[in-house]
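Asks: Quick one, structure for this:
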Amino acid sequence: MKRLPLEGVRVIDLTMMWAGPFATMRLAEMGAEVWKVESPSAWDNIRTLLPQENVLDPWNTSYYFNGYNRDKKSVTLDLAQARGRELFLGLVAHADVLIENYRADVLDKLGLGWDVLRAARPELVVVSMAAFGKEGPDAGYVGFGPVIELMSGLVSLTGYGDEEPFKTGISYGDPVAGLAAVAAVTLGLIRRRRTGEGAVVDLAQRETGASMAGEAFVAASLRGEAPTHHGNRSPRFVPQGCYRAQDSVTELGEGRDEQWLVVSCRDDADWAVLAGVLGRADLAALAVDERVARHDELDDLLGGWARGRGAQEAMEELQAAGVPAGRVLDTGAVLDDPHLLRRGFWVYLPHRGMHRYRQFGPAWRFVEANPTLRRHAPYFGEHNQEVLGGVLGLSAGELAALEAADVIGSAPLNPRVG
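Replies: Here you go, the predicted structure:
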């Protein structure tokens, strides 16, 4: 296999939860050597947020943690202790990138502000991805994905009619900010290659979320339009919506899974064809304004048709007729999707403490150097010897003394759930 694009780049990862670890996971996939640094007394919360029960080391066997921290190396250092900071700056001197998603003031309070980091390594690329940025009236607040989504304005666009806004089912802001951080790291490395100098990037997660609603901001700023909750409908494509199809029997035959179909008529021609499929040729000549006025009626008609068919069957019938339609895939269907299986998107990473399960593959595929997942997420402090000993030259005795003083550790101190 040829060299991956980030091979030879060392990244210090001070991130936690989802947005930051998602970014550094993508960097690791592309060949970067990622040192995930956690304190024995303040570890990445997702190690213990949704732990497995009845295991000896739940902080090493959380599916959530393993999903976003594969291909990394674990180093433990208590940055609140002077010796921990000293060793950490020693690692910084050997790194190319440092990325963190602490609250805006945490690095400074630890005595590890931008000036200190750049003094230790002038060529360092630093990406800080605090929820609200490093400056401004809200900089001191803590923010997680759901908060970012709410404060970015995105939630004002979701919902049904005059009802309250709806948040998406996941923390949408996290992976969006994570990918923005990957771009920031890449830009910093490009700048360093051109100038020989490092870079500092202040990446506010709230701002990355707000940028996803560009069309709505244009409407508000130019025309003063208030957000409208269209639900699954559109003012131009009618009928449009999500319709419940025939339920499917669960794998064990003990229940039924809801199945859903999405349909969107782009113009009068689409509607005329759909009306024929529904057996209502008498409605084929309805103009768009008439369809808007009768959307509830058309939804009932289309919904009744869909309930008598499987989602896949209904999708194929409509697509064959030329009507835009798609099946809503649940997580089980996505895992078994023939296209994704054929492309090798799902990957198994053996782990001694976890059942065999499929994980998503790399985001970017290079024909010249196709990346593959190499290893599951690291055990807590697993690479202390390799990194602190191999890079900084600490002896076994020094490492033992550091562990006795809780500067480093092979397990979290007083682990707890959540």
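Asks: Show the residue spans covered by the strands in the stretch 51-200 of the chain.
Replies: Secondary structure of the stretch 51-200 of the chain (DSSP state E, counting those that start in this stretch): strands located at 73-76, 97-100, 125-128, 199-202.
Asks: Including mean pLDDT, could these go into a markdown table?
Replies: Formatted as a markdown table, these follow (pLDDT from 0 to 100):
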| stretch | mean pLDDT |
| --- | --- |
| strand 73-76 | 98 |
| strand 97-100 | 98 |
| strand 125-128 | 97 |
| strand 199-202 | 96 |
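Asks: Output the ones you listed as CSV; include the columns distance to residue 386 and mean neighbour count.
Replies: Heads up, the C-betas are built off the backbone N, CA and C, glycines and all. Formatted as CSV, the strands of the stretch 51-200 of the chain follow (distance: least, Cβ to Cβ, whole Å; neighbours: other Cβ atoms under 10 Å):
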stretch, distance to residue 386, mean neighbour count
strand 73-76, 7, 24
strand 97-100, 19, 26
strand 125-128, 23, 25
strand 199-202, 28, 18
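Asks: how about those, which one is nearest residue 335?
Replies: strand 73-76 (28.1 Å; Cβ to Cβ).
Asks: pLDDT on stretch 341-360, on average?
Replies: Across stretch 341-360, pLDDT averages out at 90.
Asks: how about it: buried residues?
Replies: Along stretch 341-360, these residues count as buried under the neighbour rule (16 or more other Cβ atoms under 10 Å): 345-346, 349, 351, 354, 359.
Asks: thinking again about what came up before, mind checking the strands of the stretch 51-200 of the chain for the one nearest to residue 363?
Replies: In terms of Cβ to Cβ, the element of the strands of the stretch 51-200 of the chain nearest to residue 363 is strand 97-100, at 16.8 Å.
Asks: what about dumping the CA coordinates of the closest one to CSV?
Replies: C-alpha atoms of strand 97-100 as CSV (Å, rounded to 0.1, in the frame of the first residue of the first chain):
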residue,chain,number,x,y,z
VAL,A,97,-0.8,19.2,15.4
LEU,A,98,-2.7,19.7,18.6
ILE,A,99,-6.4,19.7,18.6
GLU,A,100,-8.7,20.3,21.6
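Asks: Make 201 the first number, not 1, from now on.
Replies: Yes, from this point I'll number from 201; that puts the last item at strand 297-300.
Asks: if we can go back for a sec, just give me the closest of the buried residues of stretch 541-560 to residue 256.
Replies: Lowest distance from residue 256 to the buried residues of stretch 541-560 (Cβ to Cβ) belongs to residue 554, with 12.8 Å.
Asks: is it true that that closest one touches residue 258?
Replies: No. Using Cβ atoms under 8 Å, residue 554 is not in contact with residue 258; the gap is 10.9 Å.
Asks: Quick check: neighbours shared by those two?
Replies: Taking Cβ atoms under 8 Å, 6 or more residues apart in numbering as the criterion, residue 554 and residue 258 both touch residue 252.
Asks: Now the residue nearest to the spatial centre of the chain. Nearest residue, chain neighbours left out?
Replies: Most central in the chain under Cα atoms, centre = their mean is residue 375, positioned 2.6 Å from the mean C-alpha point. Among residues not flanking residue 375 along the chain, residue 222 sits closest, at 5.4 Å (Cβ to Cβ, 6 or more residues apart in numbering).
Asks: Relative to residue 458, how far out is that neighbour?
Replies: 29 Å (Cβ to Cβ, to the nearest Å).
Asks: try residue 360
Replies: 18 Å.
Asks: Walking through the stretch 501-618 of the chain, point out its strands one by one.
Replies: Using DSSP E, counting those that start in this stretch, the strands found in the stretch 501-618 of the chain span residues 525-528, 546-548, 558-560.
Asks: Now render those as JSON lines, adding distance to residue 585.
Replies: As requested, the strands of the stretch 501-618 of the chain are arranged in JSON lines below (distance: least, Cβ to Cβ, whole Å):
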{"stretch": "strand 525-528", "distance to residue 585": "48"}
{"stretch": "strand 546-548", "distance to residue 585": "28"}
{"stretch": "strand 558-560", "distance to residue 585": "27"}
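Asks: who wins for proximity to residue 569 among those?
Replies: Residue 569 sits nearest to strand 546-548 of all the strands of the stretch 501-618 of the chain, at 16.8 Å, using Cβ to Cβ.
Asks: list the helices and strands the closest one packs on?
Replies: On a contact count with 3 or more Cβ pairs under 8 Å, 6 or more residues apart in numbering; DSSP states H and E, strand 546-548 meets strand 558-560.
Asks: Can you list the strands that the strand it packs on pairs with?
Replies: strand 546-548 (antiparallel) (DSSP bridges).
Asks: residues in contact with the strand it pairs with?
Replies: In contact with strand 546-548 (Cβ under 8 Å, 6+ apart) are residues 535, 540, 556-561, 572-573.
Asks: repeat that with 7 Å
Replies: Residues from elsewhere that reach strand 546-548, judged by Cβ atoms under 7 Å, 6 or more residues apart in numbering: 535, 540, 556, 558-561, 573.
Asks: Please apply the same query to stretch 241-252.
Replies: Stretch 241-252 is contacted from outside by 216-217, 238, 258-259, 261-262, 264-265, 278, 580, 606, 612-613, 615-618, using Cβ under 7 Å, 6+ apart.
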